[in-house]
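A.B. asks: got a predicted structure here, sequence first:
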Amino acid sequence: MPPKTLSGDAIQKGVGKYQNDYGVDKVIASDKAVKKGVTTGPLVLDIPIIVNPAHTAAAKKNNDATVGILGAGPGGLYAGLILDSLDIDYEILEANDRVGGRLLTHHFSDEPYDYYDLGAMRFPETPIMKRVFDLFKYDKLKAPDGVQIDKKRIEYFFDCKDKNGIQYYNGRRKRLNAETVDPDFFMAAEVGVDDVYIKAGRDKIYADVIGPFVKLLLKDMTEGGDEGWKNLMGVDSHSTRSYMTHTYVPSAEFREEFEELPENEGLPTDVVNWMETYSMTTSWFDRAFATTILEEMAFGYGSGTGGVDYTPKFSCFDGGSDILTTSMANYIDSKTDNKGILKKHRVTGISIANRDVKGTSPLLVDYVVDKVEKPTAEDIAAGKDKDIKGIKKYDHVISTLPIPVLHHAVDLDNAELTAMQTNALRLLQYTPATKIGIKFKSAWWTKGKDKDGNPILDREGKTLDIVGGRSFTDRPIRIVVYPSYGLERDGTAVLIASFIWTDDAARMGALIGSGSTNIDEQLKAMVLQDLSLVHNIDLEILQDQYISQYSVDWADNPRTMGAFALFGPGKFGSVYPSLTVPAGRGKLHFAGEAISIRHGWVVGALDSVWRSIFEYLLVSEQAEKLVKFIELWDLNEEWFRGVKEGGTDWKNALIVKHLGAQAPDVFELMFQLKEAKEEEERAIEEQKMMEQIVELLRQQVEEEEAKAAGKQSESAPNN
């Protein structure tokens with residue numbers, strides 16, 4: 001009896017309405033799964049899948065690999081680790097000559113601590129980040145010195161160790177831990193902010209705005225359900241600015257504390273501008289309100305007993321964040337049963353192989369190995385002075401390429417994306433982001449020394465004594481990030497003199513990578529001037545301390561075309577979901593931090609890959625591997641909001657409902673395959689039955705002949 005699946009009628013009712021009597025085979029979880037809390041009993045896959053263990057072997061036989069992974073950033077490498085654990089054949093195509101994507105560390109030299117992270121640089125230890133910290137502990141990931149990479153984590157000071165970072169706004173300076181008698185020290189009244197809001201304070205206003213949404217989302221995470229998500233999607237059409245101005249009204253509790261607050265009025269525009277200036281970069285509040293909520297939760301907002309003032313513990317990697325992706329790539333390349341990572345393979349197109357045939361089809365991936373721009377004689381002899389074009393064939397493709405790259409640099413015309421998916425690639429926004437790292441002769445922001453060996457002092461004759469953390473300003477550099485590593489080291493030190501995104505980064509980016517010495521000097525002069533003003537230190541001292549700088553503008557990088565996803569209003573509710581289902585007749589799966597609700601975080605890339613592999617195993621009919629996948633890599637909070645911890649009623653999981661609602665054609669293909677298989681199996685059964693009937697008739701004839709021969713022998717005369 002072949003495995004059961006849902007009837008065609010069930011498809012029309014939607015996955016959310018599937019009933020058990022439509023049925024699928026029960027696949028029992030191992031004791032390991034039960035112990036890990038995946039289930040409190042037998043794990044029943046109450047979802048429309050077909051058990052087909054021969055799938056992987058057949059796909060591997062006919063294609064370059066069963067699964068092609070596009071991009072060798074954290075997401076692509078994570079996909080490789082998962083597929084490796086499931087014994088599924090794969091290979092990774094990477095356009096660069098390195099791995100890591102936007103997880104990249106710049107080293108000024110080979111000296112210890114002479115670096116800074118151009119991309120991800122800090123990891124908050126919050127419940128939302130569980131998957132990334134589980135990855136750190138994955139026993140197959142070793143640093144170059146053989147040490148398990150989790151042992152390479154060190155404390156990261158998100159705030160300055162002594163809470164003594166600097167604020168410098170409107171020409172006024174104060175330490176973050178310094179108390180002031182004047183509640184309007186930074187002159188908010190002069191930019192139109194009324195006294196009642198100044199008295200209430202930015203932090204309390206902000207908490208009243210976002211607190212109710214965070215509370216319900218945390219309830220989703222701890223108790224199951226999706227009330228918080230639905231509540232957030234109810235205001236998805238708002239930017240943070242429009243929600244604050246037109247929908248938010250102060251809560252009764254807040255008004256009880258500050259009676260002068262208007263009862264039924266939103267925040268004035270000047271108040272919103274004031275709050276944005278001190279909380280994020282310019283125009284952040286013009287992005288989706290949902291993005292603001294989710295970003296605050298990623299930083300741990302609301303997760304601790306400290307409320308607004310809660311700051312989780314942060315970690316960074318001793319040696320730079322790209323130690324993570326290097327260790328992932330080293331393990332993948334060490335496997336002899338996979339082709340590993342093909343670098344310098346820039347993907348240029350994805351298409352369905354058998355476009356003229358209905359039903360499922362492998363995918364073709366066009367790629368180019370770019371020519372060497374200034375080839376040597378050796379390069380020319382090796383043919384590297386010309387582009388090398390090729391085509392790969394995969395049963396499924398998982399793309400972790402940034403959305404702007406997919407839209408602008410990859411031909412998807414024959415990949416059969418829906419109109420909404422094509423629209424989404426154009427509409428979903430990435431923000432620019434820039435970092436400027438400067439190498440100085442000493443860490444002058446702590447207790448650095450000048451050329452004569454004397455302590456470097458500010459204009460008040462004091463050492464700055466800043467260790468880790470950040471300082472903030474309305475000057476162009478906006479945010480200064482002090483290193484949390486190499487703190488006991490004398491000699492040179494590297495400072496992130498500016499880390500900004502949104503509109504501030506778009507302007508700063510015009511001064512980065514121009515190729516003009518004059519503009520490079522202009523950038524250097526501006527940054528040193530801002531550092532001098534923020535820290536109240538003579539410009540001449542900084543000029544003497546300066547050694548070199550290295551800057552990055554992620555929007556100017558053709559392999560990324562932006563720093564990270566930062567959606568505008570309305571994008572989560574309608575556009576984003578279209579990319580969380582497969583295209584290419586169920587064979588092309590989208591992943592990456594943009595295809596998650598954790599934009600700009602490594603964990604977002606990992607979560608999206610988890611969803612794409614769940615999707616792949618589902619539509620490719622691999623029930624046993626799906627159970628093993630859950631055992632090894634756990635459930636995903638975003639996509640199993642409808643299932644309480646330990647639950648087995650998977651048909652209520654958001655991912656199953658979502659796939660049925662968004663991609664019914666994928667399930668239609670599954671059932672077409674099932675019907676064809678059943679017809680083939682019926683024909684085989686009929687053939688077996690005919691053979692059995694023939695065999696029975698033959699046996700009957702032989703028995704009759706034997707009986708007849710026996711009777712004839714008995715009647716013969718004895719000699």
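C.D. replies: Ah, there it is. Numbers count the residues shown, from 1 in each chain.

A.B. asks: phi and psi next, for A605.
C.D. replies: Phi and psi for A605, reported as degrees, to the nearest 10, are phi -60, psi -40.

A.B. asks: can you check K313 too?
C.D. replies: Dihedral angles (degrees, to the nearest 10) for K313: phi -70, psi 140.

A.B. asks: got the contact list for it?
C.D. replies: Listed by Cβ atoms under 8 Å, 6 or more residues apart in numbering, the contact set of K313 reads 124-125, 155. Bear in mind the C-beta positions are built from the backbone N, C-alpha and C, glycine included.

A.B. asks: can you list the low-confidence ranges for the stretch 601-719 of the chain?
C.D. replies: For the stretch 601-719 of the chain, the stretches with pLDDT under 70 are 640-680, 710-719.

A.B. asks: again, 50 this time
C.D. replies: 642, 644-652, 662-664, 666-667, 669-671, 719 (pLDDT under 50).

A.B. asks: hang on, E378 in a strand?
C.D. replies: No - going by DSSP: H, G, I helix; E, B strand; the rest coil, the assignment for E378 is helix, not a strand.

A.B. asks: returning to that earlier point: of the contacts of K313, which is the most crowded?
C.D. replies: Within the contacts of K313, most neighbours by other Cβ atoms under 10 Å means P124, with 21 neighbours.

A.B. asks: roughly how far apart are it and E521?
C.D. replies: Look at P124 and E521: by Cβ to Cβ, to the nearest Å, they are 37 Å apart.

A.B. asks: now, among the contacts of K313, which is nearest to V609?
C.D. replies: P124 (20.1 Å; Cβ to Cβ).

A.B. asks: tell me where the stretch 1-150 of the chain has strands.
C.D. replies: 65-70, 90-93, 105-107, 115-117, 123-124 (DSSP state E, counting those that start in this stretch).

A.B. asks: distance to R241 and mean pLDDT added to those, as JSON lines?
C.D. replies: Supplementary listing: the strands of the stretch 1-150 of the chain in JSON lines, determined by distance: least, Cβ to Cβ, whole Å; pLDDT from 0 to 100:
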{"stretch": "strand 65-70", "distance to R241": "36", "mean pLDDT": "92"}
{"stretch": "strand 90-93", "distance to R241": "40", "mean pLDDT": "96"}
{"stretch": "strand 105-107", "distance to R241": "35", "mean pLDDT": "97"}
{"stretch": "strand 115-117", "distance to R241": "30", "mean pLDDT": "98"}
{"stretch": "strand 123-124", "distance to R241": "26", "mean pLDDT": "94"}
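
A.B. asks: how about low-confidence regions in this protein?
C.D. replies: Residue ranges of the chain with pLDDT under 50: 1-59, 304-309, 642, 644-652, 662-664, 666-667, 669-671, 719.

A.B. asks: how many neighbours does the nearest residue to S251 once chain neighbours are set aside have?
C.D. replies: Once flanking residues are discounted, S251 sits nearest to D208: 5.5 Å by Cβ to Cβ, 6 or more residues apart in numbering. Using other Cβ under 10 Å, D208 is surrounded by 21 other residues.

A.B. asks: let's see the helix or strand hosting D208 as CSV, backbone CA atoms only.
C.D. replies: According to DSSP states H and E, D208 maps onto helix 202-223. Taking Å, rounded to 0.1, in the frame of the first residue of the first chain, the C-alpha atoms of helix 202-223 are listed here in CSV:
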residue,chain,number,x,y,z
ARG,A,202,12.5,60.1,25.3
ASP,A,203,13.0,56.7,26.8
LYS,A,204,9.6,56.6,28.6
ILE,A,205,7.8,57.9,25.5
TYR,A,206,9.4,55.3,23.4
ALA,A,207,8.6,52.5,25.9
ASP,A,208,4.9,53.6,25.9
VAL,A,209,4.9,53.5,22.0
ILE,A,210,6.5,50.1,21.5
GLY,A,211,6.0,48.3,24.8
PRO,A,212,2.5,46.8,24.1
PHE,A,213,3.6,45.3,20.8
VAL,A,214,6.7,43.8,22.3
LYS,A,215,4.7,42.3,25.2
LEU,A,216,2.4,40.4,22.9
LEU,A,217,5.2,39.2,20.6
LEU,A,218,7.0,37.8,23.6
LYS,A,219,3.8,36.0,24.6
ASP,A,220,3.7,34.4,21.2
MET,A,221,7.3,33.1,21.8
THR,A,222,6.7,31.8,25.3
GLU,A,223,3.1,30.5,25.1
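
A.B. asks: kind regards, and thank you for your time.
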